[in-house]
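**Q** Generate coordinates for the sequence data below:
(2 chains)
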Amino acid sequence: MSAPSIETPRSLSRRNAQRSNFELYSWLFMRISGIVLVFLVLGHLFIMNFLDGGVQRINFAFVAGRWASPFWQVWDLTMLWLAMLHGTNGMRTIINDYAERDQTRFWLKMVLYVSSAFIILLGTLVIFTFDPNLG
Amino acid sequence: MATTTPVGTLYRGGEGMWTWVLHRITGVGVFFFLFVHVLDTALVRVSPEAYDVIIATYKTPIVALLEVGLVGAVLFHALNGLRVIAVDFWSKGPRFQRQMTWVIAAVWLVVMIPGAYRMLMHSVEALFGSTP
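**A** Model (predicted):
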C-alpha cells in the first residue's frame, strides 16, 4: 500500500489541462434563469392552483383554451426550457458533490442528461404539435 | 465565567447551512415533479380522455396536500434563490444575509397560510359541494 499521490500544482499535465469558463457561465445562468423562473413558475402556480376553482377546473378543454393563445405557448415553452436547464444544472452540481467514484459520477450524469433531453424535447413537441380537435 | 466547549464534530453552520440544505432538498423535489408533470401534460397528445383521467388524480384530497407541499417547496426555493442572488450581487448582501433569512421565512408564512387554506378549500368544495 502506497500513500495516495497528489500531483504538484505546477506540473506539466496540470498546466496543460483545459481551462474554460463553463462553471462561471453555469453559475451566472442559475441566477439569471432563477429570476425569470420566479415570475414564470410562481405565476403558473398562482393561475393553476389559486385562481377560480384551482386545479379542480383543469381538463383537456382548459389546456386547449390556454394554448390557443401564443402568449401562453411562449410562457410555457420558456418555462419548460429554463426550468429543465436550471434543474439539470442543479442536479449536476449535486452529483458532482456527492458521487465520489469517477465511474458513478459519469454514469449518473449521463442518465441525467439523456432523461433531461428527452423531457425537454417531449415537452417542446407537445406544445408545438398540440391539436385542440384531437379525439 | 462563560466558557465555550466544542460539542463533537457536528458542523454547526447556523441558518445559512439550513437554508442551503433546504434549497437542495426542495430543488431536487421540484425537479422530479417537473419530470412527472411534463409526462402527464404530454397525454394531451394521446387523447383528451387519457389526459382527463390522469389529471383527475391531481384533484384528489391526498394529492391536493402534496400540491400544497409543492407550492411551499417552490416558494421557498424562489425566495431563498433571490436571497442568494442578493448575497452574491448586493454589496450589503453578505452583511444582511441572516436578516434576509428571517424576511423570507416571514414572506413564506404570509403567502402559505392563506394559500394552503384556499388550495385545500378547492378540494373540500369539490368533495362535499360548495355552499352558495
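
**Q** Got the confidence number for B:T131?
**A** We have a pLDDT of 52 for B:T131.

**Q** ditto for A:L51
**A** Note on A:L51: pLDDT of 87.

**Q** which SS class is it?
**A** coil (DSSP: H, G, I helix; E, B strand; the rest coil).

**Q** how many neighbours does it have?
**A** Applying other C-beta atoms under 10 Å in any protein chain shown, we find 10 residues neighbouring A:L51. (Glycine included, C-beta is placed from N, CA and C.)

**Q** From the opening residue of stretch A:49-59 to its closing one, how far?
**A** Distance across stretch A:49-59, first residue to last, is 13 Å (C-alpha to C-alpha, to the nearest Å).

**Q** what about that stretch and chain B, any contact?
**A** Yes. With C-beta under 8 Å from any C-beta of the partner chain as the criterion, chain B is reached by stretch A:49-59 at A:N49, A:F50, A:G53, A:G54, A:V55, A:Q56, A:I58, A:N59.

**Q** Show me which residues of that stretch are buried.
**A** Using 16 or more other C-beta atoms under 10 Å in any protein chain shown as the test for burial, stretch A:49-59 gives A:N49, A:G54, A:V55, A:Q56, A:I58.

**Q** Give me the three-state assignment for B:A64.
**A** helix.

**Q** What's the biggest helix in chain B, counting residues?
**A** helix B:97-128 (DSSP state H).

**Q** in terms of contact, does B:N80 touch B:T19 like I think?
**A** Yes. With contact defined as C-beta atoms under 8 Å, B:N80 and B:T19 form a contacting pair (5.3 Å).

**Q** In which helix or strand does residue 34 reside?
**A** This is for chain A. According to DSSP states H and E, A:G34 maps onto helix A:22-49.

**Q** nope, chain B
**A** If you go by DSSP H and E, B:L34 is part of helix B:15-41.
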